[in-house]
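> need coordinates for the following:
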Amino acid sequence: MPVRTSSKIQSAGLLLFRRRDKHVQVLLGHPGGPFWSRKDQGAWTIPKGLIAPGESPRSTAQREFAEETGHCPAGQAIPLGSAKQPGGKVVQVWAIQDDWDPAHLQSNTFEMEWPPRSGRRQSFPEIDRASWFSVAEARLKILKGQAVFLDRLLATLGRAENS
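Prediction:
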């Protein structure tokens, strides 16, 4: 059963970032499965998942990132806060600076009936691909409700560089 706050489902995730030629890039994942297969712009996501009972949001973010990518990033986690998504879910995100090669993606899978009403169950990866994007590119690719975390990352990095 997922954690609920004020009857809202909560998720937690990690936003990996790196610097290339003084520019920030972020890692986003493309959701797997037939619904997302032909969607690109506005479909990519921060790797995240539901907070289990008794699990801290930070632990959830780390666990979900590892499950969805096969990578366990090390480094200081920078809190980017939470944001209510258009569907009502509340997502908490941390950023970690890490340089990981998405060619090594190893996502866990989920099952669903596909095609609909066929009685057949098929397995699909939670994330079918991952990629690094400049922040400008990421704004076009990321799910609408998660774009706020890009702004918060840039604001946080700007404060750190100016202190």
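> leaving aside the residues next to it on the chain, what's closest to Ala83?
In space, Ala83 comes closest to Val148 once its chain neighbours are excluded; the distance is 4.9 Å by Cβ to Cβ, 6 or more residues apart in numbering. (Glycine included, C-beta is placed from N, CA and C.)
> and the closest residue to Lys48 other than its chain neighbours, how close does it get to Glu113?
Spatial nearest neighbour of Lys48, chain neighbours left out: Gly13 (2.6 Å); criterion: Cβ to Cβ, 6+ apart. Distance, Gly13 to Glu113, using Cβ to Cβ, to the nearest Å: 27 Å.
> these two: who's more crowded?
Gly13 (24 against 11; other Cβ atoms under 10 Å).
> check contacts around that one.
Under the criterion of Cβ atoms under 8 Å, 6 or more residues apart in numbering, the contact partners of Gly13 comprise 46-49, 61, 64-65, 91-94.
> ok, longest helix in this structure?
helix 147-161 (DSSP state H).
> contacts made by stretch 149-163 with the rest, please.
Residues contacting stretch 149-163 (Cβ under 8 Å, 6+ apart): 15, 17, 24, 26, 46, 78, 80-81, 83, 93, 95, 135, 138-139, 142.
> ok, now stretch 32-39?
Outside of stretch 32-39, the residues within contact range by Cβ under 8 Å, 6+ apart are 30, 43, 107, 109-110, 112, 114, 124-128.
> grab the nearest non-local neighbour of the most centrally placed residue in the chain.
Taking Cα atoms, centre = their mean, the centroid of the chain lies closest to Ile46, which sits 1.7 Å from it. Residue nearest to Ile46 in three dimensions, not counting chain neighbours: Gly13, with 4.5 Å by Cβ to Cβ, 6+ apart.
> pull out the buried positions in whatever helix or strand the one you found lives in.
Under the criterion of DSSP states H and E, Gly13 resides in strand 8-20. Judged by neighbour count (16 or more other Cβ atoms under 10 Å), strand 8-20 contains these buried residues: 9-17.
> which of those residues lies closest to Pro102?
Proximity to Pro102 was ranked across the buried residues of strand 8-20 by Cβ to Cβ; first place goes to Leu16, at 9.8 Å.
> which of the contacts of stretch 149-163 lies closest to Pro57?
If you rank these by distance to Pro57 using Cβ to Cβ, Val93 comes first, at 9.4 Å.
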